[in-house]
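S.K.: Quick check, what structure comes out for this input:
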Amino acid sequence: MQFAFPIAQTPLWAAVAAGALAGAFLLLRLFERRHEGRLRLFVEASLVGRLMPAYTLRARRPLFWLTLTGVLFLLLAAAQPHWGKKWTPITKTSRDILVLLDVSCSMTAQNPPPTRLDRARQKIESLLEKCPADRFGLIVFSGEAACMCPLTLDQGYFRSILDAVNADTLSMEGSDLASALLEAHDAFEADAQRFGGSENNNRIVLVLSDGEETASDAVETAKKIGALGSIYTLGIGDPQGVVIEFPEWMRQYVRMPDEKLTHISKLDEETLTKIAIAGNGAYVRITPDNADINFIHGEFENVHGKTASDTMRFRLVNRYRWPLVAAWVCFAAEGLWLGLLPWIRRRRLKRMEVPAHA
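M.R.: Numbers count the residues shown, from 1 in each chain. Sure, this is the predicted structure:
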């Protein structure tokens with residue numbers, strides 16, 4: 001037999017159950033004492049036998065033990081005992097999550113520290129831990145976009161690709177978010193043609209960017225994905241902006257005044273919000289804790305997953321219904337006994353009256 005909790009925690013759960021039973025025992029005793037106290041307010045204890053010959057406290061004892069036994073069975077049902085094995089179908093579902101990661105020069109800004117790109121990578125890692133059964137893919141973009149990792153259930157492979165990308169992964173400078181969204185659109189279409197179906201109830205695009213866009217119109221492109229999936233955006237950065245410097249190679253090979261080799265990079269929440277709305281999703285700004293990822297994960301939970309696999313496993317059967325039914329029987333018997341008490345007292349009184357008439 002097994003229970004819902006690990007075997008190592010058995011002493012802890014046994015102590016909790018014993019404490020609950022002891023508490024129920026003391027509470028029931030307190031109620032009985034109060035009942036006896038209310039009776040003594042009207043009749044002196046020594047006169048109960050004369051004035052109320054049909055009344056006896058022994059008739060109430062089954063109520064006490066039925067209630068206590070019902071609590072015991074409730075605790076046993078909560079522990080979910082498992083015994084007896086049978087073949088059980090196991091269905092796994094998953095969602096398709098394409099991560100669009102901004103690796104442009106502005107993502108090297110140190111707000112939030114250490115850099116925007118590092119913080120974006122940390123947020124993706126947190127999301128991976130919350131979605132172990134989902135397929136993840138990675139598209140990075142700057143002045144161009146490239147699919148670095150196709151949709152896969154192998155999170156180890158996805159993590160290795162994620163750790164390898166940086167601001168030098170793509171050679172073209174800029175921030176073409178529209179190109180990344182087109183890449184996501186093509187990836188979803190190819191996946192739908194390969195595995196069948198074009199429903200958007202399990203496909204998600206997650207954009208992690210500061211929202212700065214230097215080419216095309218990402219909002220219009222986002223509308224095209226609405227037929228294939230939903231878009232959620234996570235804003236990385238500060239709306240107040242921060243000064244960033246262009247890469248060292250640009251300083252060496254491009255003749256430009258020093259004042260033009262710096263740039264104030266701001267979090268463009270307006271653009272990211274419009275993209276999310278166009279893609280039937282939501283926008284959230286990065287937070288120091290994991291409140292942003294918790295929000296996004298909560299939104300993902302509303303997205304229906306698709307069946308990934310069906311297997312049959314020989315496993316122990318959860319028998320929690322048996323002690324639950326036993327608890328229900330105990331409580332029902334308690335109510336029945338309480339309803340029978342007046343009849344029992346009348347019967348006892350009639351038996352006591354028969355010898356007197358005789």
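S.K.: Setting the sequence-adjacent residues aside, check what's closest to I97.
M.R.: Excluding the flanking residues, the one nearest I97 by CB to CB, 6 or more residues apart in numbering is I204, at 4.8 Å. (C-beta placed from N, C-alpha, C; glycine too.)
S.K.: roughly how far apart are the one you found and E220?
M.R.: Distance from I204 to E220, counting by CB to CB, to the nearest Å: 20 Å.
S.K.: These two: which has the busier surroundings?
M.R.: When neighbours are counted by other CB atoms under 10 Å, I204 comes out ahead of the other of I204 and E220, with 26 against 13.
S.K.: Which positions in stretch 14-27 come out as buried?
M.R.: Residues 17, 24 are the ones in stretch 14-27 that count as buried (16 or more other CB atoms under 10 Å).
S.K.: Can you name the residues bridging to the residue nearest to I97?
M.R.: Taking DSSP bridges, one obtains I97, S230 as the residues bridged to I204.
S.K.: quick one, what contacts it?
M.R.: By CB atoms under 8 Å, 6 or more residues apart in numbering, the residues touching I204 are 95-98, 229-232, 281, 300, 303.
S.K.: so L170 sits in a strand?
M.R.: No - looking at L170 with DSSP: H, G, I helix; E, B strand; the rest coil, it is coil, so not inside a strand.
S.K.: Give the residue spans of the stretch 1-150 of the chain that score low on pLDDT.
M.R.: Low-confidence segments of the stretch 1-150 of the chain (pLDDT under 70): 36-57, 87-93.
S.K.: distance of the closest residue in space to D217 that isn't next to it in sequence from N111?
M.R.: Nearest residue to D217, sequence neighbours excluded (CB to CB, 6+ apart): A178, at 6.0 Å. Distance of A178 to N111, computed by CB to CB: 25 Å.
S.K.: Those two: who's more crowded?
M.R.: More crowded of A178 and N111, by other CB under 10 Å: A178, with 20 against 17.
S.K.: Buried residues in the helix or strand hosting K350, which are they?
M.R.: Using DSSP states H and E, K350 sits in helix 321-357. Within helix 321-357, the residues that count as buried by 16+ other CB under 10 Å are 323-324, 326-327, 330-331, 333-334, 337, 345.
S.K.: now swap in stretch 206-225 and tell me
M.R.: For stretch 206-225, a neighbour-count test (16+ other CB under 10 Å) marks 206-213, 218-219, 221-222, 225 as buried.
S.K.: Kindly report the same for stretch 232-239.
M.R.: Residues 232-238 are the ones in stretch 232-239 that count as buried (16+ other CB under 10 Å).
S.K.: remind me which residues of the stretch 201-350 of the chain are low pLDDT?
M.R.: Low-confidence segments of the stretch 201-350 of the chain (pLDDT under 70): 201, 214-216, 241, 243-263, 304-315, 349.
S.K.: That one: helices as residue ranges?
M.R.: Taking DSSP state H, counting those that start in this stretch, the helices of the stretch 201-350 of the chain run over residues 218-225, 248-253, 269-278, 291-301, 321-357.
S.K.: Show residues contacting the first one.
M.R.: The one in question is helix 218-225. 177-178, 181-182, 184-185, 188, 205, 231, 271, 274-276, 278-279.
S.K.: How far away from the center of its chain is it?
M.R.: 30 Å (CA atoms, centre = their mean, to the nearest Å).
S.K.: quick check: angle from it to helix 269-278?
M.R.: If you take axes from the mean of the first three to the mean of the last three CA atoms, to 10 degrees, helix 218-225 sits at 20 degrees to helix 269-278.
S.K.: Can you show me the CA trace of helix 218-225 as CSV?
M.R.: Output in CSV follows, covering the C-alpha atoms of helix 218-225 (Å, rounded to 0.1, in the frame of the first residue of the first chain):
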residue,chain,number,x,y,z
ALA,A,218,5.9,44.6,-36.1
VAL,A,219,2.3,45.4,-35.1
GLU,A,220,0.9,44.6,-38.5
THR,A,221,3.0,41.5,-38.7
ALA,A,222,1.7,40.3,-35.3
LYS,A,223,-1.9,40.2,-36.7
LYS,A,224,-0.8,37.5,-39.1
ILE,A,225,0.1,35.2,-36.2
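S.K.: What separation do you get for Q122 and D238?
M.R.: 17 Å.
S.K.: Next: L75.
M.R.: From L75 over to D238 the distance is 53 Å, taken as CB to CB.
S.K.: Over to S209?
M.R.: 14 Å.
S.K.: just G226 next, same as before
M.R.: For G226, the distance to D238 equals 30 Å [CB to CB].
S.K.: isn't I97 right up against L206?
M.R.: Yes - I97 is within contact range of L206, at 6.1 Å (criterion: CB atoms under 8 Å).
S.K.: Let me see the contact set for D210.
M.R.: 102, 106-107, 109, 116, 235-237, 265-268.
S.K.: Domain boundaries for this structure, per the record?
M.R.: Per the record, the chain has its domains at 7-81+319-357, 92-311, by automatic domain parsing.
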